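Engineer: model the structure of this input:
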Amino acid sequence: MPKTPKVCFDRILPQDMFRRQPVMRSRGPGAFRAVIFFRKLWINGSTLRVRFMGGTAKQQENAKTQAAWWTAHANLKFDFNNAPDAEIRIAFDANDGAWSFIGTDCRNIPQNQPTMNLGFEDGGTAGHEFGHAIGLGHEHQNPDGGIQWNEQVVIRDLAGSPNFWTPEQTRFNVLEKYSTDQIRGTKFDPDSIMLYFFPASWTKNGVATKANHKLSATDISFIASEAAYPGKDTSTTIEPVKLTVNSSSGTSASIGKPGEEDLYTFQVKTGGKHTIATSGNTDVVMKLFGPTSQTALIAEDDDSGSGSNAQIIADLIPGQYFVQIRHFSKSGTGTYKIRVKK
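Structural biologist: Predicted coordinates:
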């Protein structure tokens, strides 16, 4: 009997624990609302600090090398400066498998706890986990994958060494599919580094997947696309649009291309309750970062405003803040207004 493969598992926040993973139905026939992943992309152009919480020099160097596979193409940087409040914090606990929180979820984890564990570093495992850390999901849960799971066998094998998963963990991490809105992505890619090896015995049609130890051509093109982190190979500096607090009319804007990110900044001179809200008919999601940081996530919202508009109300201290706006749908475009009030 072939050895059961080591498999990465998703780490999710407590508030997401009892949500069904794939989707919640949204407005309109056939429409779906993404529940997780869609909102977890970092601001394009961010520098993400990385702290090692243990590990040998060789393990740490391997993680650095494989993290660079992504930043060679994505408009992101990793700074391995071991800052106590680093966005990504890596442990090397051999008894805890391989896993990572997804994208900006890392900002919701206490600073004394890891956001990633590299309990094994076979092949491209570190590259796979850094893919999660910048917002990517598992390729085997791509709804276009068409993998015909032999569920009883998968559940049986993953219940044993080295994973020791419950049936619920196996369903969440292997058997269930993401929604098309959730993954914002491509057709199933059998060469993706986000796909693990699964034996033929785990599928009804006897078709196995192969272990991928480097980024595929599709991984590279997707991570640099408008849906993820574009602009790596251009000299264009990403400058956020400045918002004026208590502007009478707000700022008019539009999402002109599917997957486009709009970025804003505003200055808080006197601390207190502030409301950041959109208006119009375009369904957007919003993230608020700061103060004086594009990676310190304060809050996120979808439909707390009027209709399908986003709204965040927060007590803010003096400093500079950043607002990220995206359409909830991977193919959505449209106009809207954004305003900050105190």
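Engineer: what pLDDT does the nearest residue to residue 277 once chain neighbours are set aside get?
Structural biologist: Computed as CB to CB, 6 or more residues apart in numbering, the closest residue to residue 277 that is not its neighbour in sequence is residue 311, at 4.1 Å. All C-beta atoms are positioned from the backbone trio N, CA, C, and that covers glycine. With respect to pLDDT, residue 311 scores 97.
Engineer: these two touch, right, residue 311 and residue 274?
Structural biologist: No - proximity of residue 311 to residue 274 does not meet the contact threshold set by CB atoms under 8 Å, at 11.1 Å.
Engineer: the two: who's more crowded?
Structural biologist: residue 274 (19 against 16; other CB atoms under 10 Å).
Engineer: residues of stretch 220-235 that come out buried?
Structural biologist: With burial defined by 16 or more other CB atoms under 10 Å, the residues of stretch 220-235 counted as buried are 220, 222, 223, 224, 225, 227, 228, 229, 230, 232.
Engineer: if we can go back for a sec, any idea how far the residue nearest to residue 277 is from residue 269?
Structural biologist: Residue 311 sits at a distance of 22 Å from residue 269 (criterion: CB to CB, to the nearest Å).
Engineer: just give the closest residue to the residue most central in space within the chain, not the sequence neighbours.
Structural biologist: Most central in the chain under CA atoms, centre = their mean is residue 135, positioned 2.1 Å from the mean C-alpha point. Across the structure, with CB to CB, 6+ apart as the measure, the residue nearest residue 135 apart from its sequence neighbours is residue 103 (3.6 Å).
Engineer: tell me which residues of stretch 59-70 come out buried.
Structural biologist: For stretch 59-70, the neighbour count (16+ other CB under 10 Å) marks 59, 60, 62, 63, 66, 67, 69, 70 as buried.
Engineer: and the first one, its phi and psi?
Structural biologist: Read it as residue 59. The phi and psi torsions at residue 59 (degrees, to the nearest 10) take the values phi -60, psi -40.
Engineer: how much space between the residue nearest to the centre of the chain and residue 105?
Structural biologist: For residue 135, the distance to residue 105 - CB to CB - is 9 Å.
Engineer: now for these two: what residues contact both?
Structural biologist: With contacts defined as CB atoms under 8 Å, 6 or more residues apart in numbering, the residues shared by residue 135 and residue 105 are residue 40.
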